[in-house]
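J.: Below is the sequence, then the predicted model.
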Amino acid sequence: MSKKGTSHSAHLPRIRRIEGQVRGVIKMIEEERYCVDILTQIKAIKSALSSLEGKIIEEHLGHCVHQAFSNKNKKESDEMIVEIKELLRKTRN
């Protein structure tokens, strides 16, 4: 099974914004800013990452998984199901 998926280049602006937020938190910590301000930024980063994760999962289901099932390749479809189950298990922990 090929692990090449869809292009994720459309997500680069979003992940770069998140990267900027992380750099901002580093600066806040270096400046010994107020705890609640730092925690507010961390919460925003977690929310942004969660949103990005959701978009990539949607793309994976809509493209990679859909393609595996459309091809009627039982082995590939079974592998995709195992892969998704494992991913969901990891997100619960």
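T.: Yes, it's here.

J.: Would you quantify the distance from residue 87 to residue 80?
T.: 10 Å (C-beta to C-beta, to the nearest Å). C-beta: built from backbone N, CA, C; applies to glycine.

J.: neighbour-wise, which of the two wins?
T.: Neighbour totals were compared for residue 87 and residue 80, and residue 80 leads with 20 against 12 (other C-beta atoms under 10 Å).

J.: which ones are touching that one?
T.: Taking C-beta atoms under 8 Å, 6 or more residues apart in numbering, we find residue 80 in contact with 1, 64-65, 68-69.

J.: Go through stretch 13-23 and flag the buried ones.
T.: 18, 21 (16 or more other C-beta atoms under 10 Å).

J.: got the CA coordinates for it in PDB?
T.: Provided in PDB are the C-alpha atoms of stretch 13-23 (Å, rounded to 0.1, in the frame of the first residue of the first chain):
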ATOM      1  CA  PRO A  13      -0.400  28.900   6.000                       C
ATOM      2  CA  ARG A  14      -2.400  27.500   9.000                       C
ATOM      3  CA  ILE A  15       0.600  25.500  10.300                       C
ATOM      4  CA  ARG A  16       2.800  28.500   9.900                       C
ATOM      5  CA  ARG A  17       0.400  30.600  12.000                       C
ATOM      6  CA  ILE A  18       0.500  27.900  14.600                       C
ATOM      7  CA  GLU A  19       4.300  27.900  14.500                       C
ATOM      8  CA  GLY A  20       4.100  31.700  15.000                       C
ATOM      9  CA  GLN A  21       1.900  31.200  18.000                       C
ATOM     10  CA  VAL A  22       4.300  28.700  19.500                       C
ATOM     11  CA  ARG A  23       7.200  31.200  19.000                       C
END
